[in-house]
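K.L.:
Fold the following and give me the result.
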Amino acid sequence: MTRIVVVGSINMDLVTQAPRFVGPGETILGERFLTVPGGKGANQAVAAARLGAEVALVGAIGDDAFGRQLREGLAAEGIDLGHVAQLADSASGTASITVAGGENQIIVVPAANARVSPAQVEGAQALIARADAVLVQMEIPLETVEATLRLGHRLGVPVILNPAPAQKLPIEWLHLARYVTPNQHELAILLGADPDEDFRTLMQRAPCPVVLTRGGDGAWYRERGEPIHQSGFDVDVVDSTGAGDTFNAALAVFLAEGLPTAVRKACAAAALSVTKLGAQGGMPTLHEVAFFLAQQKS
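P.N.:
Numbering: from 1, shown residues only. As a prediction, the model looks like this:
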């Protein structure tokens with residue numbers, strides 16, 4: 001069984017489904033409201049677990065109602081929570097999400113996620129040393145992202161850096177990652193480049209292998225030479241929240257099968273994830289991905 005360690009955020013998502021996005025100073029009636037577990041770290045952990053991996057999560061939640069609900073949900077997915085701190089003096093992270101026409105707008109309040117520390121990562125060293133891959137994102141302190149990259153590199157464990165929310169990072173950090181998985185906007189910010197520059201040119205300028213997500217158009221990947229395109233899959237989009245997290249988790253789970261296969265399966269998993277409401281609601285199982293891909297061949 002593939003072993004994955006995820007270092008990242010854990011949020012409660014407060015989701016409103018609306019006919020359209022609201023403008024400044026405007027009030028409209030929503031169609032549906034629900035609270036669902038989220039956060040990039042938790043999402044990627046759940047997605048990897050549903051795809052059959054043995055998953056451990058490093059993160060933090062508050063000692064509040066949301067925190068208890070989040071812990072129960074993650075435990076029900078079979079995720080190892082031994083390195084998830086429950087902080088008595090902090091609220092759990094939240095994300096206010098509006099969904100309209102299959103697209104989303106998100107405001108995140110980090111709360112406990114802002115206190116995920118390098119010490120927690122070092123405390124999980126034995127776990128990381130046994131992992132097949134580590135996933136880390138940027139909804140936690142940058143010093144903790146750096147600690148994860150350095151520890152993975154030192155132990156020879158591949159670290160997949162999902163640079164979202166985007167900000168410029170030291171080039172040295174990119175050298176420490178086995179793969180970086182931005183979208184075009186995030187890649188431009190990482191490299192301090194013009195966001196209108198052709199993404200294939202940006203990929204070739206990156207100092208590490210890049211897997212670039214392109215939404216419904218699929219993904220492009222490059223280890224050396226020219227970038228290669230993996231087309232997306234045609235599905236009925238309900239909610240795109242969590243699609244990138246599903247992609248990253250699947251990439252990590254299937255990485256041992258080779259990058260082209262991993263990217264194709266990641267695109268399939270991400271496509272399935274957008275067919276239901278909520279970041280984790282549509283995350284597919286290993287069987288569902290296999291069945292979906294078998295249908296594409298017929």
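K.L.:
Bridged to the residue lying closest to G281 once chain neighbours are set aside, which residues?
P.N.:
Leaving aside its sequence neighbours, G281 sits nearest to V36 (Cβ to Cβ, 6 or more residues apart in numbering; 6.5 Å). Just so you know, the C-beta spots here come from the backbone N, C-alpha and C atoms, and that holds for glycine as well. Here V36 sits in beta bridges with D13, as judged by DSSP bridges.
K.L.:
Run through the strands of the stretch 1-150 of the chain in chain order.
P.N.:
Taking DSSP state E, counting those that start in this stretch, the strands of the stretch 1-150 of the chain run over residues 3-7, 11-17, 32-38, 54-62, 80-87, 93-100, 103-109, 133-136.
K.L.:
Select from the ones you listed the stretch with the lowest mean pLDDT.
P.N.:
Note on the strands of the stretch 1-150 of the chain: strand 103-109 shows the lowest mean pLDDT, a mean of 88.
K.L.:
Name every sheet partner of that one and say whether each one runs parallel or antiparallel.
P.N.:
Short version: by DSSP bridges, strand 103-109 pairs with strand 93-100 (antiparallel).
K.L.:
Okay, buried residues for the partner strand please.
P.N.:
Neighbour-count burial for strand 93-100 flags 93-95, 97-100 (criterion: 16 or more other Cβ atoms under 10 Å).
K.L.:
which one among those residues gets closest to L272?
P.N.:
V99 (17.3 Å; Cβ to Cβ).
K.L.:
quick one, what contacts the closest one?
P.N.:
The contact partners of V99, by Cβ atoms under 8 Å, 6 or more residues apart in numbering, come to 15-18, 239, 241, 277.
K.L.:
Columns distance to R222 and neighbour count on top of these, output as CSV?
P.N.:
Formatted as CSV, these follow (distance: Cβ to Cβ, whole Å; neighbours: other Cβ atoms under 10 Å):
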residue, distance to R222, neighbour count
V15, 35, 25
T16, 38, 16
Q17, 37, 18
A18, 38, 17
D239, 30, 23
T241, 27, 27
L277, 34, 16
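K.L.:
and these, which two are the farthest apart?
P.N.:
Top of the distance list for the contacts of V99 (Cβ to Cβ): A18 and T241, 13.5 Å.
K.L.:
Quick check: which ranges of this structure have low pLDDT?
P.N.:
297-298 (pLDDT under 70).
K.L.:
Go ahead and flag the most central residue of it.
P.N.:
In the chain, the residue lying closest to the centroid (Cα atoms, centre = their mean) is D245, at 2.9 Å.
K.L.:
ok, the residue nearest to it when sequence neighbours are not counted to Q295 distance?
P.N.:
Distances taken as Cβ to Cβ, 6+ apart place N43 nearest to D245, at 3.6 Å, with adjacent residues excluded. Here the criterion is Cβ to Cβ, to the nearest Å. By it, N43 lies 25 Å from Q295.
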